[in-house]
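J.: Have a look; sequence and predicted model below, questions after that.
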Amino acid sequence: MKDKNGLNQRQKEAVEHFEGPLLIIAGAGAGKTKTITHRIGRLLQRGVPAREILALTFTNKAAQEMRERVLSLVPKARGVPLVTTFHSLGVRLLREFHREAKVPERFSIWDRDDSTRTLKKVLESLGSDMPSRAVLAVLSREKGNAIRANEYAAEAKNFRERLIARAWEEYEKRLSEEGALDFDDLLVRLLSLLRDSPETLARLRERFVHITIDEYQDTNRVQYEIASLLASPRNNICVVGDIDQNIYSWRGADIGYLLSFEKTFPGTRVVTLEQNYRSTRTILTAAGLVIEKNLKRLPKTLFTENETGEALLLFPARNETDEAWFVAQYASELIETGTSPAKIAVLYRENFQSRALEEAFLHRGLPYRVIGTRFFERKEVKDVLSYLRAALNPQSRSDIARIIAVPPRGIGPSTLAKLFSGAEHAFPAGARAKVENFRKVLRDIGAAATTLPTSEAVRFTLEASGLEKLLKDEAERGNERLENVHELVNLAVKFDFETPPLGIDRLLEEAALQSEQDEVDQSIEAVSLMTAHASKGLEFDVVFITGLEQELFPSTREDERRDEEEERRLFYVALTRARKRVFLSFASARMKYGSRETALPSEFLQDIDPRLLEYATLDRAGTYEEETIH
């Protein structure tokens, strides 16, 4: 029985909880966002000032949705609570308390690409060919565990770890020289601020009286400690999570913080949301059979009042091409019979799997988009952002190195090296004039960023830098790249209300902190191709789960430190993205990293009751037919 707000009894219990710690165990599709937003709305209705409410989640997309839902429930006159991500909170507080945190007020934020490029240079200087991405993964994991560079160095046990320690030390030095923080520093430095400045912590505890944290199963040690420090001593903290959806332990997420929440916060009220509003009974039953094999979980049994729905369709492909044609064939039929392409997702375990799928989609002329190639990572977009960052932070050598020759100005590597080494006095007159001209461009852009609305400042940057003319004159892909930078201007419009240069700061922050999920715009009529990890938090009418083979899904890659239970959780997450239909496929042989390998079907397929499955077969005419297994 639902109340006037459409809340079931369990949801209502959570919404009406006012003081003290609250743990909401929310199954997939159980209406957790609705519960969270109604609870925040209820706090506002009961007279809690909006400024005293803090809600944290893990993606900009989720934060935006939560913010909009809260505003739809309560008149804006009551104020707008701070609904944001952990990392955006770090940016906000480190800028506000930059003196106490001992960071520059206008620090730059390095995204993963910036960090990877810098680490590559550092490793080269150390004579190492170790992959920079692998080293960054180590640094990120250690920072997430609140480990500092000197602590890691002290515990280094072998040559590899000692090399990483040296690289980390040099990497931190370069960050400091450029007045920059990387993605993980935003939380590490925030935690240090809260630990080292009792006055700041006291102010923030008075500010944030009620704290809500979504996706709590994905918190790492730094996030856990930040939340615990801010919540104490009132402990008006509400966390929402589901151990069955913990798929990021390789990034440092620790389900132990969810499992031990009641011990950490005595007197916790626990509410379990078990009614699923998303999926058919068939999909939910299959997902339940998969996940119940895991031992590290809190007991819950999802149920739904939705229709039974169609069986899961399983296709045993000969190879990846066969599999891709199956997916394209059924996607085409679904679209022809009225399913929106935006409501279809194709999921895979590893990015390399997208190639065959793209070829099949291109051949059939199906609209699709690959999630993972982020807008802000496109070269021309990063060039514009680098101009803005260098204009606002002249210390940012990596940005200056990136743009000083884009477009060409006759400034070569040797001139740049002398510039960075402080040997500018030795420049001949011509080189000195070129460098001064570049500096004038940055000064002009800096003036625009600090005086003009955000979108106008970005538009000015395109023109003043010479990038717009460069792209207009480019014969190959110039128009496409020009459209991308013009789209950046359009995106900047939403920050025009901010007082300059705060709008540019917000734009640069969004660019640096964007996640894969933030790229998914379901208003675009295209099928989404993405990894199962990237699908977390999303939902579609139809989901294809491909590559269900042993050693692929579940993955056995040792470097990712995943266990079988986490792989099963990932398959569970993939299944529960679907509202109406699920298609499963595996290949008997697949090209992997340059060699063709034979494969066995995934063990996860054996967890599903055969009565919930139907097979698809390839007939002689090259089309696919369905036949019941039993």
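T.: Alright, I've got the coordinates. As the structure is a prediction and not an experimental result, all values here were calculated from the model.
J.: what number of residues lie near Glu161?
T.: Using other Cβ atoms under 10 Å, Glu161 has 14 other residues around it. Bear in mind the C-beta positions are built from the backbone N, C-alpha and C, glycine included.
J.: Could I get the pLDDT score of it?
T.: Model confidence at Glu161, given as pLDDT, is 96.
J.: for the record, mean pLDDT for the top strand by length along the chain?
T.: For the chain, the strand that runs over the most residues, judged by DSSP state E, is strand 578-587. Mean pLDDT, strand 578-587: 98.
J.: next one: stretch 422-432
T.: For stretch 422-432, mean pLDDT is 83.
J.: and what of stretch 104-115?
T.: On average, stretch 104-115 scores 92.
J.: What of stretch 142-149?
T.: 94.
J.: can you give me the strands for the stretch 351-500 of the chain?
T.: 368-370 (DSSP state E, counting those that start in this stretch).
J.: for it, what spans make up the helices?
T.: For the stretch 351-500 of the chain, the helices defined by DSSP state H, counting those that start in this stretch occupy 354-364, 379-392, 397-403, 413-420, 429-449, 454-465, 467-473, 478-492.
J.: Check which residues of the first one are buried.
T.: If you call a residue buried by 16 or more other Cβ atoms under 10 Å, then helix 354-364 has these buried ones: 354, 356-358, 360-361.
J.: thinking again about what came up before, now the helices of the stretch 351-500 of the chain in TSV, please, with extra columns for distance to Asn319.
T.: Formatted as TSV, these follow (distance: least, Cβ to Cβ, whole Å):
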stretch	distance to Asn319
helix 354-364	9
helix 379-392	34
helix 397-403	41
helix 413-420	46
helix 429-449	52
helix 454-465	46
helix 467-473	40
helix 478-492	33
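J.: Tell me where the stretch 201-350 of the chain has helices.
T.: In the stretch 201-350 of the chain, the segments counted as helices under DSSP H, counting those that start in this stretch are 221-231, 256-259, 261-264, 281-291, 320-336.
J.: ranking those helices by burial, who's on top?
T.: Across the helices of the stretch 201-350 of the chain, averaging neighbours per residue (mean count of other Cβ atoms under 10 Å) puts helix 281-291 on top, at a mean of 22.
J.: hmm, who's touching that helix?
T.: 28, 244, 276, 279, 297, 301-304, 306-312, 568-569, 571-572, 575-576, 578, 582, 604, 607-609, 612 (Cβ atoms under 8 Å, 6 or more residues apart in numbering).
J.: cool, stretch 338-353 as well?
T.: For stretch 338-353, using Cβ under 8 Å, 6+ apart, the contacting residues are 320, 327, 331, 334-335, 354, 357, 366-368, 372, 522-532, 535, 538, 540-547, 552-553, 555, 570, 574, 577, 592-593.
J.: If we use 6 Å, what do you get?
T.: Contacts to stretch 338-353, defined as Cβ atoms under 6 Å, 6 or more residues apart in numbering, come from residues 327, 331, 335, 357, 367, 522, 525-529, 532, 535, 540-547, 552-553, 555, 574.
J.: from these, which would you call buried?
T.: Applying 16+ other Cβ under 10 Å to the contacts of stretch 338-353, the neighbour count classes 327, 331, 335, 357, 526-529, 532, 535, 540, 542-547, 552-553, 555, 574 as buried.
J.: Can you flag which of those residues belong to strands?
T.: Going by DSSP E, the strands hold 527-529, 540, 542-545 from those.
J.: Tell me the secondary structure at Ser515.
T.: coil (DSSP: H, G, I helix; E, B strand; the rest coil).
J.: give me every residue that touches the closest residue to it other than its chain neighbours.
T.: Of all residues not flanking Ser515 in the chain, Thr59 sits nearest, at 4.7 Å (Cβ to Cβ, 6 or more residues apart in numbering). Neighbouring residues of Thr59 by Cβ under 6 Å, 6+ apart: 515, 517-518.
J.: tell me the phi and psi of Thr59?
T.: phi -130, psi 150 (degrees, to the nearest 10).
J.: oh, and call the first residue 343 from now on, that's how I've got it
T.: Got it, the first residue is 343 from now on, which makes the last one we talked about Thr401.
J.: distance of it from Tyr599?
T.: Counting by Cβ to Cβ, to the nearest Å, the gap from Thr401 to Tyr599 is 19 Å.
J.: ditto for Gly371
T.: Distance of Gly371 to Tyr599, given as Cβ to Cβ: 23 Å.
J.: Report how many residues lie close to His828.
T.: Neighbours of His828 under the rule other Cβ under 10 Å: 14.
J.: swap in the one 4 residues further on?
T.: Residues near Asn832, counting by other Cβ under 10 Å, number 10.
J.: Give the burial count for the spatially closest residue to it that is not a sequence neighbour, as a bare number.
T.: Nearest non-adjacent residue to Asn832, counting by Cβ to Cβ, 6+ apart: Ser797, 7.5 Å away. Applying other Cβ under 10 Å, we find 19 residues neighbouring Ser797.
J.: List the residues that contact Ser797.
T.: Counted by Cβ under 6 Å, 6+ apart, Ser797 has contacts 831, 834-835, 838.
J.: rerun at 10 Å
T.: 830-838, 845, 849 (Cβ atoms under 10 Å, 6 or more residues apart in numbering).
J.: now do Pro608
T.: So Pro608 contacts 362-363, 577 (Cβ under 10 Å, 6+ apart).
J.: Going by neighbour count, which of the residues you listed are buried?
T.: 363, 577.
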